[in-house]
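1. Following is a predicted model, sequence given first.
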Amino acid sequence: MIGSPENAASLQSDGPAVDDPGRRGQIVRAAADVLARQGYGETSLKDVAREAGVAPGLLHYYFESKQELLLEVVVRMEHEMIQDWKLAVADIEDPIERIVAALDHAAERCSQQPEFFRLLFDLYNLGLSSPALRVRCAQMWAHFIDEIEAEVRRVLGRLPAYSVVPPRDLAGAIAGAIDGIALSGLVLQQSPRELYQALKVLLLSLVVTAYVTAGQEPPIARLTSLLARA
């Protein structure tokens, strides 16, 4: 069940393995494909069983409900996206370049994988009326904030002065902005790139503040050049 200790443990650390070769992994991958095509509301467990090539009864052995299956699909997709983001910035030491590369990567993922955000918002909506599922959503959200906070601390530690905003709060604001931009793109059926560009400007303004606070001249020309590169 969604609220069981066994399932609660699955959201600890980095979450479940994305490349699970077993039957459960086979079912989750099939569910991700069906949910991406049809959406949560139009997908049944029978659809998933058919896609996975297993009997519906076997599906129920692993997942008690469609909500539980949606949760695991979203957790695994988010885990994969976080790993892709880390890989995209892994070799970048310069803090300004890391900010730009991370947000460019987020914008690209939002444009290329809108189905992830549709499923994420379906999950959040279901969580609002299910206390057990809401706890799981909160765990997933906290994990996302943890990852962003680690990046925020890395970047801030390489600037001339530290931010006046606590890293945890800044990470939460960034996470909220990323999801909010994705939601607006889905609702308005518009590209999110312009809004990600605006978010990039806001975050780079923290770089300017760090230089000013340290009594140094901000690298305005370089920042302008990076923003124009998008």
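-> Right, received. Where do you want to start?
2. quick one: which helix or strand includes the residue nearest the centre of the chain?
-> The residue lying closest to the centre of the chain (CA atoms, centre = their mean) is residue 78, at 5.1 Å. Using DSSP states H and E, residue 78 sits in helix 66-89.
3. hang on, the earlier thing: mind listing what the residue nearest to the centre of the chain touches?
-> Counting by CB atoms under 8 Å, 6 or more residues apart in numbering, residue 78 touches 15, 116, 120, 140, 144. Placement of C-beta: from N, CA and C, glycine included.
4. out of those residues, which are buried?
-> Those of these that meet the buried threshold are 15, 116, 120, 140, 144, by 16 or more other CB atoms under 10 Å.
5. Could you list which of those residues belong to helices?
-> Using DSSP state H, the members of those that fall within helices are 116, 120, 140, 144.
6. can you map out the helices along the protein?
-> Using DSSP H, helices in the chain cover 5-9, 23-38, 45-52, 56-62, 66-89, 95-112, 114-127, 131-156, 167-188, 193-213, 220-228.
7. Dump those helices to a markdown table, plus mean pLDDT.
-> A markdown table is the format used below for the helices of the chain (pLDDT from 0 to 100):
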| stretch | mean pLDDT |
| --- | --- |
| helix 5-9 | 37 |
| helix 23-38 | 93 |
| helix 45-52 | 94 |
| helix 56-62 | 88 |
| helix 66-89 | 94 |
| helix 95-112 | 92 |
| helix 114-127 | 94 |
| helix 131-156 | 95 |
| helix 167-188 | 94 |
| helix 193-213 | 92 |
| helix 220-228 | 90 |
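8. Redo the ones in helices among the buried ones among the contacts of residue 78 as TSV? Include distance to residue 198.
-> TSV is the format used below for these (distance: CB to CB, whole Å):
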residue	distance to residue 198
116	22
120	21
140	26
144	21
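9. Distance check, residue 30 against residue 114.
-> For residue 30, the distance to residue 114 (CB to CB, to the nearest Å) stands at 20 Å.
10. number of nearby residues for residue 160?
-> Using other CB atoms under 10 Å, residue 160 has 13 neighbouring residues.
11. so what's it closest to, chain neighbours aside?
-> Closest residue to residue 160 apart from its sequence neighbours, by CB to CB, 6 or more residues apart in numbering: residue 214 at 3.5 Å.
12. what do you get for residue 40?
-> Nearest non-adjacent residue to residue 40, counting by CB to CB, 6+ apart: residue 122, 4.2 Å away.
13. List the contacts of the one you found.
-> 39, 40, 41, 70.
14. Tally up the residues packed near the first one, please.
-> Around residue 39 there are 13 other residues, counting by other CB under 10 Å.
15. Let me know whether it touches residue 114 as I believe.
-> No: counting by CB atoms under 8 Å, residue 39 stays clear of residue 114, with 11.3 Å between them.
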